[in-house]
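Enquirer: After the sequence you'll find the predicted model.
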Amino acid sequence: MSKADTYKTVESQILAVLEGEENITACMATVSCLLAQTFPSVFFWTGFYVVVPEKADELVVGPYQGTLGCLRIPFGRGVCGTAAADRETQIVPDVHAIANHIACDSRTKSEIVVPVFDHAENLIGVLDIDSEELDSFDDVDRFWLEKIVQQVFATP
């Protein structure tokens, strides 16, 4: 099965499980769980950092699967903070090659971070996925992860 086919399958599972669910925490927990279970040999850390309502330029760790995550990340710092500040997906083939990487776990070698928006296009967080291997993420991951978060969080 191709990676795209695997994403298509997990997308349908996520949407089926979350049908009618409106609680953001429940949705984030389900998405991170099902993605981590679908790609266990690649996804080392899978989860969300959410925008802090009272401090709109900071992310705080949300639901995730994996080792201990960073608790707070300022916008513009690290891959997650950059994705939040720029509002664009970040794919980093080698996290050790970028100057502002935040090493929450030294085993992380590559990363993809997808901004998450609500139906009014407000940034509510980022989906962060780390891998212990270099160059684990590509445009197939970008396409499907952006599609999944859009369907779960931005569709009214």
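Expert: Yep, it's here. Small disclaimer: the values here were computed from a predicted structure and weren't measured.

Enquirer: Which secondary structure state is assigned to the residue nearest the centre of the chain?
Expert: In the chain, the C-alpha nearest the mean C-alpha coordinate belongs to residue 127, at 1.6 Å (C-alpha atoms, centre = their mean). Using DSSP: H, G, I helix; E, B strand; the rest coil, the structure places residue 127 in strand.

Enquirer: Let me know whether it touches residue 146 as I believe.
Expert: No - taking contacts as C-beta atoms under 8 Å, residue 127 lies outside contact range of residue 146: 9.1 Å. In short, each C-beta sits where N, CA and C put it, glycine included.

Enquirer: so residue 115 is in which element?
Expert: Using DSSP states H and E, residue 115 sits in strand 110-117.

Enquirer: re the thing from before, residues contacting the closest residue to the residue nearest to the centre of the chain other than its chain neighbours?
Expert: Leaving aside its sequence neighbours, residue 127 sits nearest to residue 114 (C-beta to C-beta, 6 or more residues apart in numbering; 4.5 Å). When contacts are counted by C-beta atoms under 8 Å, 6 or more residues apart in numbering, residue 114 touches 83, 89, 126, 127, 142, 145, 146, 149.
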